[in-house]
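Enquirer: after the sequence you'll find the predicted model.
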Amino acid sequence: MSQDIGVAVIGAGMAGRAHAHGYRSAGTVFSAGLPPVRLVSIADLNGDLARDTAARYGFERADTSWEAVVKADDIDVVSVVVANDLHREIVRELAAAGKHVLCEKPLAPSPEDARAMITDTEKAGIVARVGFTFRRAPGIGAVREQLRSGRLGRPLHVSAQYWTDYGSDPQAPMSWRYRGGPGSGALADLGSHLTDVAEFLLGPVETVHGAALSTTITERPLPLGHVVGHAHVEVSDEREPVGNDDWASYCARFASGATGDLSVSRIAFGHPNTLKFEVFCENGALSYDQSRPGEFAIATGDLPGGVNGFRRVIVGVEHPYIAGGMAMDANGIGVGHNDSFVYQARAFLDEVAGLEEIPRCAAFAEGLHNLDVLEAVTRSATRNTTSAVAA
């Protein structure tokens with residue numbers, strides 16, 4: 001690697017643009033010690049989309065294949081932000097070329113693919129990380145600090161939901177998100193995030209029971225154009241069966257003895273992007289709603305019954321990521337989800353540059369464990385039984 005860090009993003013859809021934004025701003029937060037970041041390439045099969053994203057976020061060029069990124073000698077780090085059934089091949093080739101990889105979740109279509117990716121990246125000696133972006137929300141980080149402090153006693157139960165409505169319209173076009181077997185739909189797309197948040201707070205899930213997967217919209221029209229993210233395009237009269245789940249839910253038992261109930265959906269009307277949870281402890285409770293990522297709520301037993309309830313806390317410089325992570329890093333300044341992508345990009349680049357400033361991104365081994373939990377959920381749902389998470 002030269003004195004600067006050359007960056008590429010493979011995938012120019014909505015998540016790819018978020019990664020591009022993160023890299024563009026990564027050098028502006030925390031210390032000034034990060035080497036200069038060169039925004040080199042946005043790669044996507046859709047050339048118009050790649051060129052638009054490159055121009056919008058200040059990247060030097062647009063490529064129309066991921067292979068061009070692999071071959072380029074001016075690129076050091078790469079975000080892989082495409083359908084997860086493409087991850088294994090792309091990561092293998094990037095690793096062989098000596099490029100560091102930040103791969104979107106879920107890490108792979110299966111644990112077997114993830115294990116192969118771990119082998120490839122460890123053999124290459126590169127930094128390989130997974131993009132569990134919600135870990136970077138200051139409100140979630142503050143809840144984690146409260147739990148780890150022990151002020152509320154032992155965590156007993158988490159109730160968590162990640163409800164969206166991007167698939168609520170039966171006329172929404174078929175895309176890769178609706179193809180695949182049981183567990184590859186809402187569970188993989190949204191449940192990967194929600195499961196990681198639950199484990200980020202309470203530790204590893206040990207067993208899963210009471211799981212359910214359901215598909216409400218059983219077929220979708222084929223698109224006549226390129227589908228980007230959740231966008232609608234003109235569709236044909238031809239339809240294709242939906243292969244995976246619109247809803248997923250499960251109950252969990254954590255290694256700590258705590259329990260949980262988790263629910264995800266892509267057809268929850270009225271919830272464009274609702275990730276929320278409550279954690280109940282021996283001496284109080286904590287709650288969080290992603291629509292307010294710079295806040296959390298706390299309830300304790302030290303107030304009279306008439307006023308004892310959840311109290312809202314606005315994160316400030318005492319909490320994760322605010323001090324040094326905002327241009328105006330003062331109490332009460334708002335924070336949004338885009339900021340989490342900046343913190344994620346900075347953490348990844350810091351590790352590549354050998355800096356120690358903020359928590360590392362999740363390792364591929366954590367991405368594998370996440371898939372093991374989701375596989376246990378699918379087994380529990382299809383066999384109607386308690387399922388242990390692979391050790």
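Expert: Okay, I see it.

Enquirer: wait, Gly58 sits on Val40?
Expert: No - when contacts are counted by C-beta atoms under 8 Å, Gly58 is not listed as touching Val40 (10.6 Å). C-beta: built from backbone N, CA, C; applies to glycine.

Enquirer: who has more neighbours, those two?
Expert: Val40 (24 against 10; other C-beta atoms under 10 Å).

Enquirer: is it true that the more buried one touches Ile10?
Expert: No - using C-beta under 8 Å, Val40 is not in contact with Ile10, being 11.9 Å away.

Enquirer: distance of the spatially most central residue of the chain from Ile314?
Expert: The centre of the chain sits closest to Phe132, judged by C-alpha atoms, centre = their mean, with a distance of 3.5 Å. Using C-beta to C-beta, to the nearest Å, Phe132 is found at 24 Å from Ile314.

Enquirer: helices of the stretch 201-350 of the chain, residue ranges please.
Expert: 337-353 (DSSP state H, counting those that start in this stretch).

Enquirer: could you chop the chain up by domain?
Expert: The chain breaks down into these domains under automatic domain parsing: 5-134, 138-292+294-334+369-383.

Enquirer: chain center to the last one, what's the gap?
Expert: It stands for domain 138-292+294-334+369-383. Chain-centre distance of domain 138-292+294-334+369-383: 10 Å, with C-alpha atoms, centre = their mean, to the nearest Å.

Enquirer: got the end-to-end distance for it?
Expert: 38 Å (C-alpha to C-alpha, to the nearest Å).

Enquirer: so where's this structure shaky on pLDDT?
Expert: Applying pLDDT under 70 to the chain flags the ranges 1-2.

Enquirer: tell me the helices and strands packed up against the longest helix seen in it.
Expert: Across the chain, the helix with the greatest residue count (assigned by DSSP state H) is helix 364-383. Where contact means 3 or more C-beta pairs under 8 Å, 6 or more residues apart in numbering; DSSP states H and E, helix 364-383 is packed against helix 111-124, strand 128-131, helix 192-202, strand 205-214, strand 247-254, strand 387-388.

Enquirer: would you map the strands across the stretch 151-300 of the chain?
Expert: 155-163, 205-214, 219-223, 235-241, 247-254, 259-265, 274-281, 284-289, 295-300 (DSSP state E, counting those that start in this stretch).

Enquirer: check which residues of stretch 49-61 are buried.
Expert: Within stretch 49-61, the residues that count as buried by 16 or more other C-beta atoms under 10 Å are Leu49, Ala50, Arg51, Asp52, Thr53, Ala54, Tyr57, Phe59, Arg61.

Enquirer: hmm, who's touching that stretch?
Expert: Outside stretch 49-61, the residues within contact range by C-beta atoms under 8 Å, 6 or more residues apart in numbering are 9, 12-13, 16-17, 20-21, 23-24, 38-44, 62-64, 226, 228.

Enquirer: repeat that for 7 Å
Expert: Stretch 49-61 is contacted from outside by 12, 16-17, 20-21, 24, 39-44, 62-64, 228, using C-beta atoms under 7 Å, 6 or more residues apart in numbering.

Enquirer: out of these, who's nearest Thr215?
Expert: Of all these, Val228 has the smallest distance to Thr215: 23.5 Å, by C-beta to C-beta.

Enquirer: ok, Glu357 touching Phe30?
Expert: Yes - using C-beta atoms under 7 Å, Glu357 makes contact with Phe30 at a distance of 5.0 Å.

Enquirer: who has more neighbours out of the two?
Expert: Phe30 (21 against 16).

Enquirer: ok so, going back, dump the buried residues of stretch 49-61 to TSV, plus distance to Asn384 and secondary structure.
Expert: Formatted as TSV, the buried residues of stretch 49-61 follow (distance: C-beta to C-beta, whole Å; DSSP: H, G, I helix; E, B strand; the rest coil):
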residue	distance to Asn384	secondary structure
Leu49	43	helix
Ala50	46	helix
Arg51	50	helix
Asp52	48	helix
Thr53	45	helix
Ala54	49	helix
Tyr57	47	helix
Phe59	49	coil
Arg61	52	strand
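
Enquirer: tabulate these in CSV, adding columns for distance to Ser387.
Expert: Below are the buried residues of stretch 49-61 laid out as CSV (distance: C-beta to C-beta, whole Å):
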residue, distance to Ser387
Leu49, 40
Ala50, 41
Arg51, 46
Asp52, 44
Thr53, 40
Ala54, 44
Tyr57, 42
Phe59, 44
Arg61, 47
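
Enquirer: in stretch 204-212, what's buried?
Expert: Pro204, Val205, Glu206, Val208, His209, Ala211.

Enquirer: thought Met14 was touching Gly229?
Expert: Yes - using C-beta under 7 Å, Met14 is in contact with Gly229, at 3.9 Å.

Enquirer: what's Phe364 in contact with, if anything?
Expert: Contacts of Phe364 by C-beta under 7 Å, 6+ apart are Leu107, Ala114, Met117, Ile118, Thr121, Ala128, Val130.

Enquirer: top of those residues by number of neighbours, please.
Expert: Most surrounded of the contacts of Phe364: other C-beta under 10 Å gives Leu107, at 32 neighbours.

Enquirer: how many residues are close by the residue nearest to it when sequence neighbours are not counted?
Expert: Nearest non-adjacent residue to Leu107, counting by C-beta to C-beta, 6 or more residues apart in numbering: Gly367, 3.2 Å away. As a burial measure, Gly367 scores 28 neighbours (other C-beta under 10 Å).

Enquirer: who's in contact with Gly367?
Expert: Contacts of Gly367 by C-beta under 7 Å, 6+ apart are Lys105, Leu107, Ala114, Val130.

Enquirer: and it, how far from Asp246?
Expert: Relative to Asp246, and taking C-beta to C-beta, Gly367 is found at 24 Å.

Enquirer: so Ala390 touches Asp372, yeah?
Expert: Yes - using C-beta under 7 Å, Ala390 makes contact with Asp372 at a distance of 4.3 Å.

Enquirer: give me the common contacts of these two.
Expert: Common neighbours of Ala390 and Asp372 (C-beta under 7 Å, 6+ apart) are Pro111.
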